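Q: The sequence and its predicted three-dimensional model are supplied below.
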Amino acid sequence: MNLIWVLSLVLLPNVIAAAYYYFKRNYEANKRNAMLQKEKTEMELNFLRAQIHPHFLFNTLNNIYGMVMENERAGQVVLKLSDLLRFSLYESSGKRIPIGREVAFLADYINLEQIRHHNTRVSISYNFEHIQNNETPIVPLLLISFVENAFKHGVNATIGKAWVHISLKQENETILFEVENSTPPKKSEKSSVAGIGIENTKRRLALLYPEKYQLNISETADSFKVSLTLHTHD
């Protein structure tokens, strides 16, 4: 019995030291892995953000060139494009912005498209009036890809009449965002009007709002619809 007691006194410090070393090493490894994952996520988000909408800005600049003799319309385009660039370069770098600012950005974008498609061939409508709290935080540039997709793969790809309907409603901590547009005739049954921007947005949603969103995409022979329900609570 005394031998066991003596051995316990001798071995106990070694056991404690070994346990301490094990848990410390495990803690440091987990901490290092968490930091690497965070860095990877931030790099991926920055990469996705950089791909969201450069083609639209170049298209708009080309339109300005064709409108230089129409001072009033050209002036409107320049002002709205300036707001878009300011938002993209300076305001969208934060992790969250007020939803009111995100909506203003979307409205500027849609207004530019209305100017571009000022003929009677295209019907464009949007409703952002049902917002309960303009200060509700949201990830910047999260919704624009759905709007871009509606014009790029719907309106701009259609020779005949085309239409786009966009709405955003916000109540308490829930946002309902819908974009529906007409589509050109399909070349095959497997063709789709969902672009790479939507795939990028899906990845951003999965990274930034895990288990806090429902995304439904439906496609018929002549229309394409996106419905996003977003829960903004922490």
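A: Right, received. Where do you want to start? Residues are numbered from 1 along each chain as shown.

Q: Give the helix, strand or coil label for Glu102.
A: helix (DSSP: H, G, I helix; E, B strand; the rest coil).

Q: residues contacting it?
A: Ile138, Pro140, Leu141, Leu142, Leu143 (CB atoms under 8 Å, 6 or more residues apart in numbering). Where you see a C-beta, it was placed from the backbone N, CA and C, and this is true even at glycine.

Q: Quick check, pLDDT for it.
A: Note on Glu102: pLDDT of 91.

Q: now Leu48
A: 59.

Q: So what's the residue count around the closest residue to Arg96 other than its chain neighbours?
A: Distance criterion CB to CB, 6 or more residues apart in numbering; nearest residue to Arg96, sequence neighbours excluded, is Pro137 at 3.8 Å. As a burial measure, Pro137 scores 16 neighbours (other CB atoms under 10 Å).

Q: check contacts around Pro137.
A: Arg96, Ile97, Pro98, Ile99, Thr232.

Q: Dump the contacts of Glu102 into JSON lines; add neighbour count as well.
A: As requested, the contacts of Glu102 are arranged in JSON lines below (neighbours: other CB atoms under 10 Å):
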{"residue": "Ile138", "neighbour count": "22"}
{"residue": "Pro140", "neighbour count": "22"}
{"residue": "Leu141", "neighbour count": "22"}
{"residue": "Leu142", "neighbour count": "23"}
{"residue": "Leu143", "neighbour count": "25"}
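
Q: Would you reformat those residues as JSON lines and include distance to Val179, secondary structure and pLDDT?
A: JSON lines is the format used below for the contacts of Glu102 (distance: CB to CB, whole Å; DSSP: H, G, I helix; E, B strand; the rest coil; pLDDT from 0 to 100):
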{"residue": "Ile138", "distance to Val179": "16", "secondary structure": "strand", "pLDDT": "91"}
{"residue": "Pro140", "distance to Val179": "18", "secondary structure": "coil", "pLDDT": "87"}
{"residue": "Leu141", "distance to Val179": "15", "secondary structure": "coil", "pLDDT": "86"}
{"residue": "Leu142", "distance to Val179": "13", "secondary structure": "coil", "pLDDT": "89"}
{"residue": "Leu143", "distance to Val179": "8", "secondary structure": "coil", "pLDDT": "92"}
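
Q: Can you pull the phi/psi pair for the residue nearest to Arg96?
A: phi -70, psi 140 (degrees, to the nearest 10).

Q: Against Arg101, how distant is it?
A: To Arg101, Pro137 is 10 Å away according to CB to CB, to the nearest Å.

Q: Same check on Asn172?
A: 19 Å.

Q: if you count what's nearby, which of the two comes out ahead?
A: Arg101 (16 against 11).
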